[in-house]
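A.B. asks: got a predicted model here, sequence first, then my questions.
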Amino acid sequence: MRRASDAERERLHDTFAALCGIESPSGHERACADWVANELRRMGLEVEEDDAGSRVGSDAGNLLARIDGAGPDTILLCAHLDTVPLTAPVEPVRLDGGWENANDGILGADNKSAVAVIVELARRLTVGGAGRPPVGLELLFTVCEEVSLLGALAFDATRLRSRFGFVFDHATPIGEIVVAAPTLHRIVAEFRGRAAHAGVRPEHGRSAIAAAARAVAAMRLGRLDPETTANVGTIHGGTAINVVPERCRVEAEVRSVDKERVEALATEMIDHLQDAADAAECDLDVTVERTIEGYRTRPRAIQVTVAEQALRACGYEPRHILTGGASDANAFHAAGLPCTNLADGTEHNHEPTERISTDALEGLLEVAIALVDEAGKALAGEASR
């Protein structure tokens, strides 16, 4: 494996800064998608854009490009183009050995560090003179990942030829390999009580907010065990301070790597909602949706062993972890494509203090280069057996 040159590493930083400077909150990825597509086309690659945007509420679709390999097999590398909502303009600057936003807002390293790495890997393998890779590559850039993986879920995975795939979307030190990710259930409860004048006839009213508060107070929330969390995220209700509130809407989630645990906790939360509604003499409508499908990966699955070998080749010690966060890997697993999420070295994602060190960004490029080489070895060895 030829390591990235000084010129390749510096170009990676330029690409990363350019991408971060293109604001692309979920649903508004058009400018970022155009920038990536234009870069890939300048390398001579064909770029296809699907119709996911019109189906998930974005102004852009998912982008797919391919690089032919020397062997018959193909692997997937995936990153998402969107970021969480912005609280300040993005002005990427290099400070204290890393990249930060000069303003009080996110940087966008989640997931533009991975986008930049994949773009520069493509450049290396096309116009950079590195030659044809040992395996073919499918490069996928998704939209609306930060909104329940909508872009990846809308992508037609039957278009892919890959044996397995990788995403780089876990904000922990490089070396960590996600081998289990959660199933997520979204719960929406609508309490309907009875309006009345709060100062004249409060006893005639039935407070939907009081019922919702009783339900939430009874729930077990936060981290319930190493694999399970529950949260009430929003409560909306009432019309004025002098009116007993007739309506209240509660949105909650429960997530766990253990699918049976998710089902049990969702049922428990619904029971608390119903008990509270009954006690307050309110009506209740509840909907439950499994928005994300979880997975557990076998420790010796081929994509995991490839990741381990690539990390070791770059000087990182592999470590298997489970996570409470979902990624596009969840969507591909659900579609039948084995996919592993690798830590990307970013820090404080979704926060104004988000950053990535220059070492981590350059290290992520080295890992991507090594993944291609190690995948070629593993798949060639598999074919020879």
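C.D. replies: Yes, it's here.
A.B. asks: quick check, central residue of the chain?
C.D. replies: The centre of the chain sits closest to Ser327, judged by C-alpha atoms, centre = their mean, with a distance of 3.4 Å.
A.B. asks: you'd agree it is up against Ala343?
C.D. replies: No - counting by C-beta atoms under 8 Å, Ser327 sits too far from Ala343 to count as a contact (11.1 Å). For glycine as for every other residue, the C-beta is placed from the backbone atoms N, C-alpha and C.
A.B. asks: now do the same contact list for Thr239.
C.D. replies: Counting by C-beta atoms under 8 Å, 6 or more residues apart in numbering, Thr239 makes contact with Ala195, Pro245, Glu246.
A.B. asks: ok, and the closest non-adjacent residue to the second one?
C.D. replies: Meaning Pro245. Gly238 (3.8 Å; C-beta to C-beta, 6 or more residues apart in numbering).
A.B. asks: and the pLDDT for the one you found?
C.D. replies: pLDDT recorded at Gly238 is 97.
A.B. asks: then Leu95?
C.D. replies: At Leu95, pLDDT is 93.
A.B. asks: which phi and psi does it have?
C.D. replies: Phi and psi for Leu95, reported as degrees, to the nearest 10, are phi -140, psi 140.
A.B. asks: burial of it, as a residue count?
C.D. replies: As a burial measure, Leu95 scores 9 neighbours (other C-beta atoms under 10 Å).
A.B. asks: same question for the one 5 residues further on.
C.D. replies: Other residues lying near Glu100 total 21 when counted by other C-beta under 10 Å.
A.B. asks: once you drop chain neighbours, what's closest to it?
C.D. replies: Arg355 (4.6 Å).
A.B. asks: can I see the domain layout of the protein?
C.D. replies: 6-181+294-384, 183-292 (automatic domain parsing).
A.B. asks: please save the CA atoms from the helix or strand encompassing Val188 in CSV.
C.D. replies: If you go by DSSP states H and E, Val188 is part of strand 183-192. Provided in CSV are the C-alpha atoms of strand 183-192 (Å, rounded to 0.1, in the frame of the first residue of the first chain):
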residue,chain,number,x,y,z
THR,A,183,-33.5,-0.4,16.3
LEU,A,184,-35.5,2.8,16.9
HIS,A,185,-39.2,3.1,17.6
ARG,A,186,-40.9,6.5,17.3
ILE,A,187,-44.0,7.1,19.5
VAL,A,188,-46.4,9.9,18.9
ALA,A,189,-49.3,10.4,21.4
GLU,A,190,-52.2,12.9,20.9
PHE,A,191,-54.1,13.6,24.1
ARG,A,192,-57.6,15.2,23.7
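A.B. asks: report all helices and strands that that strand contacts.
C.D. replies: Secondary-structure packing of strand 183-192 (3 or more C-beta pairs under 8 Å, 6 or more residues apart in numbering; DSSP states H and E): helix 208-218, strand 247-256, helix 259-279, strand 283-292.
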